[in-house]
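Undergrad: based on what follows, work out the 3D shape:
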Amino acid sequence: MNLDVKIKRIHADAMLPMQANPGDAGMDLYSIEAAEIPAGQAKLIKTGLQIELPKGTEAQIRPRSGLALKHSITVLNSPGTIDEGYRGEIGVILINHGKEAFIVEKSMRIAQMVIQLVPTIQLLEVNELSPTVRGTSGFGASGVK
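TA: Okay, the predicted model is just below:
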């Protein structure tokens with residue numbers, strides 16, 4: 001399935017999102033600015049891009065595994081959601097869970113964007129739900145420790 005997604009550069013240094021390999025779900029997002037994120041702090045990093053998503057889709061902003069593993073950097077509200085009606089600049093809230101300050105470099109790959117289909121949902125209020133083996137058992141219900 002192919003989706004046409006309109007994207008606009010609003011900053012001269014903005015780089016278009018790219019899939020690192022054919023068939024990858026995520027497209028890398030790049031910083032247009034250098035910034036320091038102190039240990040334990042979060043910062044909004046700009047991409048210089050705006051997007052027009054097709055009807056019935058959303059964009060999810062997800063962490064990059066390499067930044068998470070090597071530097072303890074992740075997307076704070078992961079996954080961040082861009083709704084189809086949003087036309088502002090794509091910003092990524094990065095948080096530094098590490099013990100040292102992290103330097104975001106200009107043109108650095110900071111996150112990945114995944115475009116998803118969003119179904120139209122109709123909630124049906126009922127008095128009872130169908131029973132299951134699990135029932136209402138919550139955290140730890142699988143017995144895995």
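
Undergrad: I'd like the distance between M18 and E89.
TA: Between M18 and E89 the computed distance is 18 Å (Cβ to Cβ, to the nearest Å). Every residue, glycine included, has its C-beta placed from N, CA and C.

Undergrad: tell me which of these two has more neighbours.
TA: In terms of neighbours (other Cβ atoms under 10 Å), E89 is the more surrounded of M18 and E89; the figures are 17 against 14.

Undergrad: quick one: the more buried one from A111, how far?
TA: According to Cβ to Cβ, E89 and A111 sit 14 Å apart.

Undergrad: quick one: pLDDT of H97?
TA: As predicted, H97 sits at a pLDDT of 98.

Undergrad: name the nearest residue to it, sequence neighbours excluded.
TA: S72 (4.1 Å; Cβ to Cβ, 6 or more residues apart in numbering).

Undergrad: now K8
TA: Nearest residue to K8 in three dimensions, chain neighbours excluded: Q50, at 4.6 Å (Cβ to Cβ, 6+ apart).

Undergrad: buried ones in stretch 47-56, by neighbour count?
TA: Across stretch 47-56, burial judged by 16 or more other Cβ atoms under 10 Å covers 47-51, 53.
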